[in-house]
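Student: please work out how this folds:
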Amino acid sequence: MLTNEFMAEDCTHLFKSAYENRYTWGSDFLGYTGNCSWTDGEREIKGSFCLGKDLKVTVTEIDDEEIHKAISAQLWEVAIHRVRRSFEQTHGKNTFTFGDTNEIGSEILVGGKNEGDKYRVKNNVVTMVYRHIHGNLIIILTKEVTHTGHGYLSKSYSSQYLDPISKKSLKEKSFYKDNFVALADGGHWVLESRYIHQESLDGLIINKQVFSFSDLKSLKSKNN
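Tutor: Now for the predicted structure:
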């Protein structure tokens, strides 16, 4: 019979393996540029962008402040999750124990610094994130991933913000469908398109948006 100590070690190993299986950019990432567009099915707005090595996003040729901000936010949100941080840097002050197992995966209960957070892992993929962030509770469920050969990227997933006390939804649940491509010069995988929608309480699809990115090219080193 396994002791609690060995079970904790197995749990930590399982979660660490899935964490390290996420796709991230290495130190050779220099940034990239391209064209961008946004549409809600009625309007379409086009421009161009540059995402630098420092992950700073610059969007040009778009005067609509709301759309300008939305495109910048999507590029930055994807980029910030590509930053490579070791498991020890992110979770070194946490402990992990197994919860239940269901069709989504094995439950990982977090203790220590981030006590109360939870994850689920299946097939070396983090399929659920249940985290307390900035006074809110966010739940992310991943249904489908893209395997790059150097780690996975979430492809089809949902996110929901809840009140951490009452567990009541603070806004409509959002559903995402992401497509990624590898840059021809550099090989880093970047976002090609993102489809987002919410569902109303009676199940209607609302607030549809599509962000598209094309003519994607790596920035070159100043030494080249």
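Student: and the gap between the spatially closest residue to Val126 that is not a sequence neighbour and Thr142?
Tutor: Excluding its sequence neighbours, the residue lying closest to Val126 (C-beta to C-beta, 6 or more residues apart in numbering) is Ala18, at 5.0 Å. Using the backbone N, CA and C atoms, a C-beta is placed for each residue, glycine as well. Look at Ala18 and Thr142: by C-beta to C-beta, to the nearest Å, they are 11 Å apart.
Student: got any residues that touch both of those two?
Tutor: Between them, Ala18 and Thr142 share the neighbouring residues Val125, Val126, with contact defined by C-beta atoms under 8 Å, 6 or more residues apart in numbering.
Student: what secondary structure does the residue nearest to Val126 sit in?
Tutor: In three-state terms, and counting by DSSP: H, G, I helix; E, B strand; the rest coil, Ala18 is helix.
Student: how near is Ile80 to Ala73?
Tutor: In this view, Ile80 and Ala73 are 11 Å apart by C-beta to C-beta.
Student: what does Ser86 give?
Tutor: With the distance defined as C-beta to C-beta, Ser86 ends up 27 Å from Ala73.
Student: could you do Glu42 as well?
Tutor: In this structure, Glu42 and Ala73 are 21 Å apart, going by C-beta to C-beta.
Student: between the two, who's got more neighbours?
Tutor: More neighbours sit around Ala73 than around the other of Glu42 and Ala73, counting by other C-beta atoms under 10 Å; the figures are 12 against 6.
Student: surely the more buried one forms part of a strand?
Tutor: No. Counting by three-state DSSP, Ala73 is located in no strand; its state is helix.
Student: each with direction, which strands does the lengthiest strand in the chain pair with?
Tutor: Once the chain is assigned using DSSP state E, the strand that runs over the most residues is strand 205-218. Here strand 205-218 is paired, per DSSP bridges, with strand 31-39 (antiparallel), strand 189-199 (antiparallel).
Student: next, count neighbours for His81.
Tutor: Applying the criterion other C-beta under 10 Å, we find 13 residues in the vicinity of His81.
Student: check the offset of the helix-or-strand element of the chain with minimal mean pLDDT from the chain's centre.
Tutor: Here the helix or strand of the chain ranked lowest by mean pLDDT, DSSP states H and E is helix 4-20, holding a mean of 85. Here the centre of mass of C-alpha atoms in helix 4-20, compared against the chain's by C-alpha atoms, centre = their mean, to the nearest Å, lies 22 Å away.
Student: again, but for stretch 53-72
Tutor: For stretch 53-72, the distance between its averaged C-alpha position and the chain's averaged C-alpha position is 19 Å (C-alpha atoms, centre = their mean).
Student: what does it contact?
Tutor: Where contact means C-beta under 8 Å, 6+ apart, the residues beyond stretch 53-72 that reach it are 29-31, 36, 38, 45-52, 75-76, 79-80, 83, 209, 211, 219.
Student: make it 10 Å
Tutor: Applying C-beta atoms under 10 Å, 6 or more residues apart in numbering, the set of residues contacting stretch 53-72 from outside is 25, 27-33, 35-40, 43, 45-52, 73-80, 82-83, 196, 209, 211-213, 219, 221.
Student: hmm, which of those residues are the buried ones?
Tutor: In these, burial by neighbour count holds for 25, 29-33, 36-38, 45, 47-49, 51, 74-75, 78-79, 82, 196, 209, 211-213, 219, counting by 16 or more other C-beta atoms under 10 Å.
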